[in-house]
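Student: Please find the sequence and the predicted model below.
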Amino acid sequence: MTIHLTLLIVYSLGIIAFGLWTSRFVRNSSQFFVAGRSLGPGLILASMLAANIGAGSTVGVAGLAYRDGISAWWWVGAAGLASFVFAFWVAPPLWRLAKAHNFYTTGDYLEFRYGPSVRGVVSLLICVASLSIMAGQLIAGAAILNVIIGVPRWAGSLIGATVMTIYFAAGGLLGTAWVNSVQLVIMLVGFVIALPVAIGNAGGLPALTGPGTPPWFGDFMYSAGPQSGWTWLFLTFPGFLISPGLIQKGYGAASERALKLGIAMNAVALIAFAFIPTLLGMAGRVAIPNITDPNAVLPTVLLQLLPAWLGALALSAVFSTEVDTCDAVLFMFSTTVSQDLFKRHLRPEATDAQLLWVARAAAFVGGGLGVVLSIYLATVTQALSLFYAVLGCTLFVPIIGGLFTRRAGTPSALAAIAVGVATLFLVGGAVSSRPRWMDPALTGIVAAALAYALGAMLRPRSSGGSEAPPLQEHAASRRVPGRQRVRL
């Protein structure tokens, strides 16, 4: 057994054990869904950063950098820029509403603002889209295991899904916030130590853009079209403003100050971290020019350009990022299924214990479906691009618009969702001769915004205000007394 495999096994068993231990603190749905609204800025930082640095931010970016060079920074860099906006202008008003009306999910907010029909439609879309991003994380984890021990993708995906499903189902948001803190330390230590060694073995920083590399490798503003270089702004920036998983993690903040501080620190960390997988991918292009699989770039670099002990530590760090982002996706999937679909539409009379059971069962179902989908999607970036595109065209306009105007109602929100998604798939799939600059995700968001604005203009002024006042009573009935604050 190699040192790489040994360390991965030890890490996985340790994370499972720690996650099971945290389950002793989760006794009701409030602790599972929003950590009893007890998270200080440190746990908000760990939880957000763990969700934001995953397969796309590591394996995906390294593969892009192998092809595009330094401009691959924009995948994670755009997320960091979006996180600043999220920290100060989007998350605080959503947190205030969540605290006032005891929201658990993004669906709670959407029903409060637009009505149950919008909540139902969005919940179904979130469930489907979240499976694609989960598949992306599992593809990355499977690629690591394939490079180390040669296991096929389905087996690698199953191993990764088993690890993260067990500890998430046990601890929910409260447990994963603590687990993510441990994973964050492992990830940062592994990458920070590995980066200079890998660059040195590739010939140093000048070699990354020197002779033998493509002419665009050192161009920060290079783009070959949609989903290349700075055009990632169109795809990832909107997604990181309105991701249901990130919004719901924000609901768990103990105070508005903790929320702003934790997310702002996450933004700074993302902008700095974006250079690490980018430079590792560029080093791989220089030192190992024959890699054909984008998913294998980062694992191969860590195996061939680092000493065995350091490669094992770095691979554990990468595996850690995939696992902790998977738990964020499971959080989004299981809470949507249990709260937005089961509790709201199927069994409104369900008890708190039944709701908690369904949330945990949904986590296991979501993990299994993610494994199946990971077998059929080709690359990490393909899986994540699908998620961010659908998410942006579905949720960006209703969520942001709902915070700044009361004129738009249910028809406006439904029209925005329908037009946005239809435009996304029309431009992305049916318009074969579109101009290179016409990004399908951006076009879908613009079309959704126009439909939303038109619906708001046509809506009678006498019908302004929230279209779902009953949710306030429903939410108030879920208040959990005696919450204790947990700070880091």
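Tutor: Cool, got the structure. Residues are numbered from 1 along each chain as shown.
Student: Low-confidence regions, the protein specifically.
Tutor: Residue ranges of the chain with pLDDT under 70: 1, 19, 22, 173-174, 323-324, 378-383, 430-434, 436-437, 462-488.
Student: Mind giving me the packing neighbours of the longest helix seen in it?
Tutor: Across the chain, the longest stretch assigned as helix under DSSP state H is helix 153-201. With contacts defined as 3 or more CB pairs under 8 Å, 6 or more residues apart in numbering; DSSP states H and E, the packing partners of helix 153-201 are helix 3-22, helix 29-34, helix 41-52, helix 116-149, helix 275-287, helix 297-304, helix 308-335, helix 352-376. Every C-beta, even on glycine, is put in place using the N, C-alpha and C of the backbone.
Student: rerun that using 6 Å as the cut-off
Tutor: helix 3-22, helix 41-52, helix 116-149, helix 275-287, helix 308-335, helix 352-376 (3 or more CB pairs under 6 Å, 6 or more residues apart in numbering; DSSP states H and E).
Student: out of those, which comes closest to Gly245?
Tutor: helix 308-335 (3.8 Å; CB to CB).
Student: Any buried residues in the closest one, and which?
Tutor: By neighbour count on 16 or more other CB atoms under 10 Å, the buried set for helix 308-335 is 310-335.
Student: quick revisit: quick one, which of the helices and strands packed on helix 153-201 is nearest to Lys343?
Tutor: Between Lys343 and these, the shortest gap by CB to CB is with helix 352-376, which sits at 5.6 Å.
Student: and the closest one, what does it pack onto?
Tutor: When contacts are defined as 3+ CB pairs under 6 Å, 6+ apart, helix 352-376 sits against helix 29-34, helix 116-149, helix 153-201, helix 308-335.
Student: And the contacts of that helix?
Tutor: Contacting residues not belonging to helix 352-376 are listed as 28-29, 32, 131, 134-135, 138-139, 154, 157-158, 161, 165, 168-169, 330, 333-334, 337-338, 342-343 [CB atoms under 6 Å, 6 or more residues apart in numbering].
Student: Take the helices and strands packed on helix 153-201 and write them to a markdown table, including distance to Gly69.
Tutor: What follows is those, written out as a markdown table (distance: least, CB to CB, whole Å):
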| stretch | distance to Gly69 |
| --- | --- |
| helix 3-22 | 28 |
| helix 41-52 | 23 |
| helix 116-149 | 21 |
| helix 275-287 | 6 |
| helix 308-335 | 21 |
| helix 352-376 | 28 |
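Student: Now list the buried members of the contacts of helix 352-376.
Tutor: Taking 16+ other CB under 10 Å as the criterion, what is buried in those is 29, 32, 131, 134-135, 138-139, 157-158, 161, 165, 168-169, 330, 333-334, 337-338, 342-343.
Student: With respect to Ala447, which of the helices and strands packed on helix 352-376 lies nearest?
Tutor: Nearest to Ala447 among these is helix 116-149; the distance by CB to CB comes to 16.2 Å.
Student: what's the angle from that closest one to helix 352-376?
Tutor: For the pair helix 116-149 and helix 352-376, the angle between their directions (axes from the mean of the first three to the mean of the last three CA atoms, to 10 degrees) equals 50 degrees.
Student: thought Ala389 was touching Ala441?
Tutor: Yes - taking contact to mean CB atoms under 6 Å, the distance of 4.3 Å between Ala389 and Ala441 places them in contact.
Student: ok, so what distance separates Ile133 from Tyr104?
Tutor: Applying CB to CB, to the nearest Å, one obtains 21 Å for the distance of Ile133 from Tyr104.
Student: Who has more neighbours out of those two?
Tutor: The residue with more neighbours, out of Ile133 and Tyr104, is Ile133; 32 against 26, by other CB atoms under 10 Å.
Student: What strand or helix carries the nearest residue to the more buried one once chain neighbours are set aside?
Tutor: Using CB to CB, 6 or more residues apart in numbering and skipping the chain neighbours, the partner closest in space to Ile133 is Phe387 (3.9 Å). Under DSSP states H and E, the secondary-structure element containing Phe387 is helix 380-404.
Student: how far off helix 380-404 does the helix or strand that comes right after that helix point, in degrees?
Tutor: Going down the chain from helix 380-404, the next helix or strand is helix 410-425, by DSSP H and E. Between the direction of helix 410-425 and that of helix 380-404, the angle (the same axes, to 10 degrees) works out to 160 degrees.
Student: How far away from the center of its chain is helix 410-425?
Tutor: For helix 410-425, the separation from the chain centroid amounts to 22 Å (computed by CA atoms, centre = their mean, to the nearest Å).
Student: Can you list the helices and strands that the helix or strand just after it packs against?
Tutor: Past helix 410-425, heading to the C-terminal end, the next element that is a helix or strand (DSSP H and E) is helix 440-458. Helix 440-458 sits against helix 232-242, helix 380-404, helix 410-425, with contacts defined as 3+ CB pairs under 6 Å, 6+ apart.
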